[in-house]
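Enquirer: sharing a sequence plus its predicted fold:
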Amino acid sequence: MSLTQKLSERGCFAKVSTGNHLKPNHYSTIRKIILISMILVPFIPFILVLITGYYYFATALETSKIASMKRIVNDHRQMIESFLNERRADLEFVQNAYPFEELGRPQTLARVFQLLQNKSNAFQDLGIFDESGVHVAYHGPYELKGKMYRHTEWFQNVIRHNYYISDIFLGYRQVPHFIIAVVRKENNRKWVIRATIDTLMFNDLVKKIRIGATGEAYILNVDGILQTDRRSGGHLMEQDSGHRPHLVYHEDIRIFIDKDAAKHNFLYATTWLKNWQWQLVVRQEKADVFKALRTATYLIVIISVVGGVLIIGVAFFLTDRIVRRMQQLDAEKDQLSEQLIRASRLAELGEMAAGFAHEINNPLQIIKNEQTLIEMLTAELKQKGELKESENLIEIEDSFKQINLQISRCAEITQAILKFGRKTEAAWQDIELNSFIPEITAMVAKKASVNGIAIRQHIPDAPLCVHADPTQLQQVFLNLFNNAIDAVIERHKGNGGEISVETVATDNSRVSIRIHDNGCGISPENLKKIFSPFFTTKPVGKGTGLGLSVCFGIINNLGGSMQVSSDLESGTTFTLSLPAGKS
Amino acid sequence: MEKMKMMLVDDEERFLVTTRKLLTKKDIEVVTATSGKDALEILRQKNIHVVILDVKMPGMDGIATLKEIKSRFPLVEVIMLTGHATVESAIEGLKSGATDYLMKPTGIDELIGRAEEAFQKRQRLEEKIRMAQTRKFMKSPRDILREAEKPE
């Protein structure tokens, strides 16, 4: 088989592809994916929690506000109705207690009025009317006695219904007021007692309600005329324009939201009083009612913004770190695969070199034989006298010798290569360190003494064994010693160098060997890379950078570990820990 | 005394030609073969004492040839010739019955020397065989038994 054939077979001429270089947009895609998921995944529950919380809070708030509004309206209605009922009961009592004639006397009427006033100062005046609507008797600040009321609305109503509470009206006196009138049938004729209610007092009674900043209560009649003042504006007897549409009769309490004339949203609670003549309205500005909700909304917005910024910030930060780490790892991976390719190339080269050497031996054999034949033939020719002794012949003979010599040289080289390239199987055995280490130090002793380096050995006499392959172990020790010698030479330049070897049985199963030198030391950043393949501090062509990485591999294979500590002042210490053998 | 008959087996023809010339000049009877198959054929036809056998050959390689020779012609002495990278196979050859091994490139005198040794070994072996055979003829069984009891 020819050499070139072999070479191409071994893939020597084939281009070796170097590491897969990832496209830059690969990282941006990964970055995008991580970023999106890191933002979305926390964001979705975050937003959901906020929305759910807001929804339930708003619902709960609304329910409680409406309930409280209803309660207030209900209480207020009861209070107003009981006020009016009390006044009616007062009048009925008076009517029952006094006959028409007696009550028509001014003294009696004044006394009765006084008595009523004592009970409640709501009454402003008191009047008695006969069936035809003539004001028979009057006690009060106005001159109303003798006036005719037959055609007034209230009189007609009271005759019809026996009891009447009017809306607020101006009447003869031209002052807003409302009256309560009660009819009594006595001896087949009807007479009427009428009292005017103090509008101010009634007004206060209704108005006094106060909820939040804008809560207020007022009364409207069926035509939407204000029967009490309204705190937010609107006086007695004014038309309330805001909610005519809502002036519909209903039994219970109604709650609704509506805009008033000024376009403010109000929460209304309405109910009807005294047989649907008056409507009690309690209202509060919606913004005021839901102030807590607004505060919560602000808080939620602030939390959303801060949380969102935080999530996005953290996402960006982490994504950056992850992507950078990935890039770093990829770069390291590329570097490693490049180193692997280089290492495998080197191994290939070694194998090839062995192949070359083997193949070269065949032609060398032929050359050697040819040369021997020529020499023999020349000698024969000389013997027969066909070749005369001459200077040229001497030269030729000299050339032959030279050829012979060069063949031997080639043979030596090929043998050396073959020896290097040969794979030998590890032969494990127990090695006595007491004799093994001195053997190796003896191998480097010459080189050390030439450079003024003292090798000190601290090896206890007690036999200490490790279980390993002696050839490999020798390689490791020689490598470490040679490195130590180089380091010492660099620092001490031939004087004062020292290398020490120490063996310690750490426990029953392990032996530790320390090799210390007082050489130039290794810088911390180099110390990290010292075991990586092809790392070397030596100039190009001096070291392959494979020594320590190979040593590391060997020691690992032997089931041991290798550690290094170094500083630039005191030198370097390699500590090997190996499984102990049986001594 | 019988002259050594030698056979060179190698796939390199020029090596065979030149080495035969050299050996002939040294007055050694020599035949050559370029493959294991040829070698076995020649062994069948001629009485060869020593075979110099290249380990690495196309087709039937040295080790296979050696095993075949040893099984069919046990008395033939075989010297393995190796390009060194195949020292392991040379050692395997020795285990399989080769007498010796030589590393390429080897000098002609070295080759002759080793071959002579092998030849002498063979001759001693043949002598022993002859002796044994004559004794077998000359001695009675009782003598043979007595002979066997005596320590040598």
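Expert: In hand now; what should we look at?
Enquirer: elements contacting the longest helix along chain B?
Expert: For chain B, the longest helix by residue count, based on DSSP state H, is helix B:108-138. Under the contact criterion of 3 or more CB pairs under 8 Å, 6 or more residues apart in numbering or on different chains; DSSP states H and E, helix B:108-138 touches helix B:13-25, strand B:50-54, strand B:77-82, strand B:100-103, helix B:141-149. In short, each C-beta sits where N, CA and C put it, glycine included.
Enquirer: how about the residues of chain A by chain B?
Expert: Along chain A, the residues adjacent to chain B under the rule CB under 8 Å from any CB of the partner chain are A:1, A:354-355, A:357-359, A:361-362, A:364-370, A:372-373, A:376, A:407, A:411, A:414-415, A:418, A:421-422.
Enquirer: rerun that using 6 Å as the cut-off
Expert: A:354, A:358, A:361-362, A:364-366, A:368-370, A:372-373, A:376, A:411, A:418 (CB under 6 Å from any CB of the partner chain).
Enquirer: which of the residues you listed fall within helices?
Expert: Those of the residues of chain A next to chain B lying in helices (DSSP H): A:354, A:358, A:361-362, A:364-366, A:368-370, A:372-373, A:376, A:411, A:418.
Enquirer: which of those residues sits closest to A:L548?
Expert: Lowest distance from A:L548 to those (CB to CB) belongs to A:A354, with 24.6 Å.
Enquirer: and the pLDDT for the closest one?
Expert: The score at A:A354 is 74. That number is its pLDDT.
Enquirer: one more: A:A181?
Expert: So, for A:A181, pLDDT stands at 91.
Enquirer: that one contacts A:I165, correct?
Expert: No. Under the criterion of CB atoms under 6 Å, A:A181 makes no contact with A:I165, lying 7.9 Å away.
Enquirer: please say which of the two ends up with more neighbours.
Expert: The neighbour count for A:A181 versus A:I165, taken as other CB atoms under 10 Å in any protein chain shown, is higher for A:A181 (25 against 22).
Enquirer: ok, that one - contacts?
Expert: Contacts for A:A181 (CB atoms under 6 Å, 6 or more residues apart in numbering or on different chains) come out as A:V158, A:Y164, A:V192, A:R194.
Enquirer: pull out the buried residues from the helix or strand where it lies.
Expert: Assigned by DSSP states H and E, A:A181 falls within strand A:178-186. Within strand A:178-186, the residues scored as buried using 16 or more other CB atoms under 10 Å in any protein chain shown are A:F178, A:I179, A:I180, A:A181, A:V182, A:V183, A:R184.
Enquirer: do you know how far the residue nearest the centre of chain A is from A:A462?
Expert: In chain A, the C-alpha nearest the mean C-alpha coordinate belongs to A:I311, at 5.2 Å (CA atoms, centre = their mean). From A:I311 across to A:A462, the span is 66 Å (CB to CB, to the nearest Å).
Enquirer: which of the helices and strands in chain B ranks last by mean pLDDT?
Expert: helix B:141-149 (a mean of 69; mean pLDDT, DSSP states H and E).
Enquirer: just confirm A:I453 contacts A:A487, I think it does.
Expert: No. The criterion here is CB under 6 Å, and A:I453 misses it with A:A487 at 10.2 Å.
Enquirer: so which of those two has more stuff around it?
Expert: The neighbour comparison of A:I453 against A:A487 (other CB under 10 Å) goes to A:I453, with 25 against 22.
Enquirer: run through chain B and note the low-pLDDT ranges.
Expert: Under the criterion pLDDT under 70, the flagged ranges of chain B are B:1, B:84-90, B:139-141, B:143-144, B:147-152.
Enquirer: pick out the residue nearest the middle of it.
Expert: Nearest to the mean C-alpha position of chain B, by CA atoms, centre = their mean, lies B:E77 at 2.0 Å.
Enquirer: near chain A, which residues of chain B show up?
Expert: Counting by CB under 6 Å from any CB, the residues of chain B that sit close to chain A are B:12, B:14-15, B:18-19, B:21-22, B:25, B:83-85, B:104-105, B:108.
Enquirer: pipe those residues into JSON lines and attach neighbour count per row.
Expert: Listed next are the residues of chain B next to chain A as JSON lines, based on neighbours: other CB atoms under 10 Å in any protein chain shown:
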{"residue": "B:E12", "neighbour count": "18"}
{"residue": "B:R14", "neighbour count": "14"}
{"residue": "B:F15", "neighbour count": "22"}
{"residue": "B:T18", "neighbour count": "22"}
{"residue": "B:T19", "neighbour count": "26"}
{"residue": "B:K21", "neighbour count": "17"}
{"residue": "B:L22", "neighbour count": "22"}
{"residue": "B:K25", "neighbour count": "14"}
{"residue": "B:G83", "neighbour count": "24"}
{"residue": "B:H84", "neighbour count": "21"}
{"residue": "B:A85", "neighbour count": "22"}
{"residue": "B:K104", "neighbour count": "26"}
{"residue": "B:P105", "neighbour count": "24"}
{"residue": "B:I108", "neighbour count": "20"}
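Enquirer: from those, pick the one nearest A:L35.
Expert: Nearest member of the residues of chain B next to chain A to A:L35, counting by CB to CB, is B:A85, at 58.9 Å.
Enquirer: tally of neighbours for the closest residue to chain B within chain A?
Expert: Nearest residue of chain A to chain B (CB to the nearest CB) works out as A:H358 at 3.6 Å. Applying other CB under 10 Å, we find 21 residues neighbouring A:H358.
Enquirer: pretty sure it sits against B:K104.
Expert: No. Contact criterion CB under 6 Å: A:H358 and B:K104 do not qualify, at 8.7 Å.
Enquirer: name the surrounding residues that touch stretch A:54-69.
Expert: A:I255, A:A269, A:V289, A:A292, A:L293, A:A296, A:I300.
Enquirer: my guess is the last one contacts A:L50. True?
Expert: Which is A:I300. Yes. Using CB under 6 Å, A:I300 makes contact with A:L50 at a distance of 5.4 Å.
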